Structure formats: C-alpha cells, structure tokens
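*Asks:* Prediction below, plus the sequence it came from.
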Amino acid sequence: MENREKELIENISAVNSDVADAVARAGRKPGEVALMAVSKFHTASDVEILYRAGHRSFGESYMQEALAKQEALAGLDIDWHYIGGLQSKKAKYVSGRFCAIHSVDSAKLANLLNKKANSLGVVQNILIQINTAGEEQKSGVSEEQLPALIEEISDYENLKLTGLMALPPFFGDAEGARPYFARLRMLSEGMEKLFGIKLPELSMGMTGDFRVAIEEGSTMVRVGTRIFGQRPG
C-alpha cells in the first residue's frame, strides 16, 4: 500500500504541474482548468488515497462500478462525475448521485434525469455530449440536434445545463484533436448567444491531448492512465 500511495501521489502531482504549465502557456489564469481523475476500473482504495492527498474530483463511466465506489466511500465529500454513456433505463440510478453528468445526449434521457431529480428534490448539473466527428460508435448529439436539445432542457426545473463535453477521434499526435476542441468551444459560444445563457464548462481533453484542449478553452480535463497507470487485468 505504501508503494501504491507514493506512486499515485507522485503521479497526480506531476499531472497537476503539467496542467498548471499548460494553463500558463495558454495565457489563462490559474484555477481556470480543473483536473478530473478518471478512476474507472481502479479501486475505491486508490480513490481514497488521492482524496486523503487533497484531490476531490473523480470520473466514472460505469454505473454499477461507480455506485459501488460511492457506497464504499460514503463518508467522503468526493465530487463524483459521470462521464460514460448512459442508457435511459439507468437514468434513475444516476440522477442525484453525481455532481455532474457529462454524457446527456437525448431528450428522452434528459427527461428521465429531470423526473428522478425532481422526485429527490435536487437540481442535477448536466453537460451535453457532442459527437463532433459524427462517429457511429460514439455517443453524443450532432451539432444540428444541439439547439433542439438545449431548448428541451431549458424547460426542466431540476436540470441545470452547465456546458458541453466531447470525445474527439483518437490521434497519435494530439494536434489532430485541435479542430474538434476548437469546434466545441465555438459551439458553446454560439449556443450562449443563441439562447442568452451561460455554458461555463467545456469538458474536453484526456491524458494524451489535454495540453491542446486547454489551449482551445477546456475548463475540465479528464485524466486516467497518467494518474492510475494502466487499467487492471
């Protein structure tokens, strides 16, 4: 455990340093970009180590795994984020359990999340996932569908739309993702003007490309492998 604790703390310290460096190089202010530690496939004990070291934001992609960790770490004030694809039938298990759900991609899902949040008497923060490259294997709404979905969500009292999220295509060179990050930023700015709303969050950038994402306006980067190492098994 001591070796694992040392490894995790050193890893997240290095990532925090790199994020801060990227923020400075992009001419942005300290604190403008949050680091989410993507803990899927890793243990609750790993999460607890990083929590005890001062980190608070963790991302999960699988409902059952996420809820099990929440139960195991129930006494800790962790900021859990749900970042994986979410089937409508599972919405009732997720709404109200996460500080933000990043993967809302349909009016049906939004409606179910709102109903569950209403029954709990809470307001659920959400982000809309955009499929910026139109990849069939990935979730997310198209650019053309986005205005209608925002209009639908605006009628829901128990959902708060805070921003947009995207998973661009994988590139060996991080520069390949730049146009997709830039496009998400422009989409956000366009929706703010169209609807007269604020969308402060841009959830984009992962282990291999977060520097480019920060240059293009990301407010939250999602890093797993560089913090936790390769997924088990």
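*Replies:* Yep, that arrived. Note that the coordinates shown come from a computational prediction; the quantities given were computed from them, not determined experimentally.
*Asks:* list the contacts for the closest residue to E175 other than its chain neighbours?
*Replies:* Closest residue to E175 apart from its sequence neighbours, by CB to CB, 6 or more residues apart in numbering: V212 at 6.4 Å. C-betas here are computed from N, CA, C, even on glycine. Each residue near V212 by CB atoms under 8 Å, 6 or more residues apart in numbering is listed here: A174, E175, A177, R178, F181, G205.
*Asks:* Please determine how far the second one is located from L120.
*Replies:* Distance, E175 to L120, by CB to CB, to the nearest Å: 43 Å.
*Asks:* what's R97 in contact with, if anything?
*Replies:* R97 makes contact with A66, L67, Q70, W80, Y82 under the criterion CB under 8 Å, 6+ apart.
*Asks:* Just the ones of those residues in helices?
*Replies:* A66, L67, Q70 (DSSP state H).
*Asks:* Switch these over to CSV; also include distance to H55, neighbour count and pLDDT.
*Replies:* Supplementary listing: those in CSV, determined by distance: CB to CB, whole Å; neighbours: other CB atoms under 10 Å; pLDDT from 0 to 100:
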residue, distance to H55, neighbour count, pLDDT
A66, 17, 24, 97
L67, 20, 16, 97
Q70, 16, 18, 98
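*Asks:* Please enumerate the helices of the protein.
*Replies:* Using DSSP H, helices in the chain cover 2-25, 44-52, 63-72, 91-94, 107-120, 146-153, 178-195, 210-215, 225-228.
*Asks:* Buried deepest among these, which one?
*Replies:* helix 210-215 (a mean of 24; mean count of other CB atoms under 10 Å).
*Asks:* Now do it, average pLDDT.
*Replies:* Mean per-residue pLDDT for helix 210-215: 97.
*Asks:* now that helix: how far from the chain's centre is it?
*Replies:* 15 Å (CA atoms, centre = their mean, to the nearest Å).
*Asks:* before we move on, what about stretch 64-81?
*Replies:* Here stretch 64-81 is found 16 Å from its chain centre; the criterion is CA atoms, centre = their mean.
*Asks:* Just the endpoints, please. Distance across it?
*Replies:* 14 Å (CA to CA, to the nearest Å).
*Asks:* which outside residues touch it?
*Replies:* 36, 39-41, 44, 47-48, 51, 56-60, 82, 93, 97-102.
*Asks:* residues in contact with E152?
*Replies:* A107, A110, N111.
*Asks:* re earlier: and of the ones in helices among the contacts of R97, the nearest to E2?
*Replies:* Taking CB to CB as the measure, E2 lies nearest Q70 of those, at 26.1 Å.
*Asks:* Make TSV out of the contacts of E152 and add distance to I130.
*Replies:* Shown next, in TSV, are those (distance: CB to CB, whole Å):
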residue	distance to I130
A107	15
A110	14
N111	19
